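**Student:** the following block contains a protein sequence and its predicted model.
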Amino acid sequence: QRRQEDAIQQVLHHVGDALDGADETLSHLEDNSDLLPSAILRKCQELADGIAGVASRLEEHSPEEQRALAQACVEDFQSNLALQQYQQNSDGAAGSGSHLQQSSTSSGNAVRAPTEEEFMGAIQAAS
């Protein structure tokens with residue numbers, strides 16, 4: 001059980017690092033738009049390499065471990081939605097109530113939390 005949780009945390013950490021790196025790079029490129037096309041291409045390649053690494057790690061896990069990862073992803077996503085909504089409500093920028101399945105984005109569109117089965121489909125497609 002502990003090994004499974006550690007493996008799940010490690011996979012989530014790698015995915016988060018890849019996304020954080022891409023976000024940070026794009027943020028810096030807003031100041032120098034001449035570099036944007038080549039930087040986007042390079043970041044996409046790095047992100048693809050990161051995804052390939054995660055996929056190969058996922059192949060090492062049993063279906064039960066993959067299901068646990070999917071459950072962890074759902075819980076993490078729902079926690080982040082709840083935190084965002086709490087922050088929006090605290091700032092007075094959002095409507096009333098705490099609803100874990102939807103949250104407003106900055107553009108006003110609703111975001112639906114993916115289901116465990118949707119995460120399982122993505123995990124199985126990646127591995």
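**Tutor:** Cool, got the structure. Residues are numbered from 1 along each chain as shown.
**Student:** only C-alpha atoms for contact and neighbour calcs from this point on.
**Tutor:** Fine.
**Student:** worst-scoring helix or strand of the chain, pLDDT-wise?
**Tutor:** Ranked by mean pLDDT, DSSP states H and E, the weakest helix or strand in the chain is strand 102-104, scoring a mean of 43.
**Student:** look up how far residue 40 lies from the residue of the chain most remote from its centre.
**Tutor:** Distance to the chain centre peaks in the chain at residue 34, reaching 28.5 Å (criterion: C-alpha atoms, centre = their mean). Distance of residue 34 to residue 40, computed by C-alpha to C-alpha, to the nearest Å: 11 Å.
**Student:** quick one: low-confidence parts of this structure?
**Tutor:** Scanning the chain for pLDDT under 70 picks out 92-111, 127.
**Student:** so how many other residues sit close to residue 64?
**Tutor:** 10 (other C-alpha atoms under 10 Å).
**Student:** what is the helix or strand harbouring residue 41 packed up against?
**Tutor:** Counting by DSSP states H and E, the element that carries residue 41 is helix 36-59. With contacts taken as 3 or more C-alpha pairs under 8 Å, 6 or more residues apart in numbering; DSSP states H and E, helix 36-59 sits against helix 2-29, helix 116-126.
**Student:** so how far is it from its chain's centroid?
**Tutor:** 14 Å (C-alpha atoms, centre = their mean, to the nearest Å).
**Student:** which of the helices or strands spans residue 61?
**Tutor:** Going by DSSP H and E, residue 61 is not in any helix or strand.
**Student:** for it, phi and psi?
**Tutor:** With angles defined as degrees, to the nearest 10, residue 61 sits at phi -100, psi 150.
**Student:** count the residues that sit near it.
**Tutor:** 16.
**Student:** any idea how far it lies from residue 35?
**Tutor:** Using C-alpha to C-alpha, one obtains 39 Å as the distance from residue 61 to residue 35.
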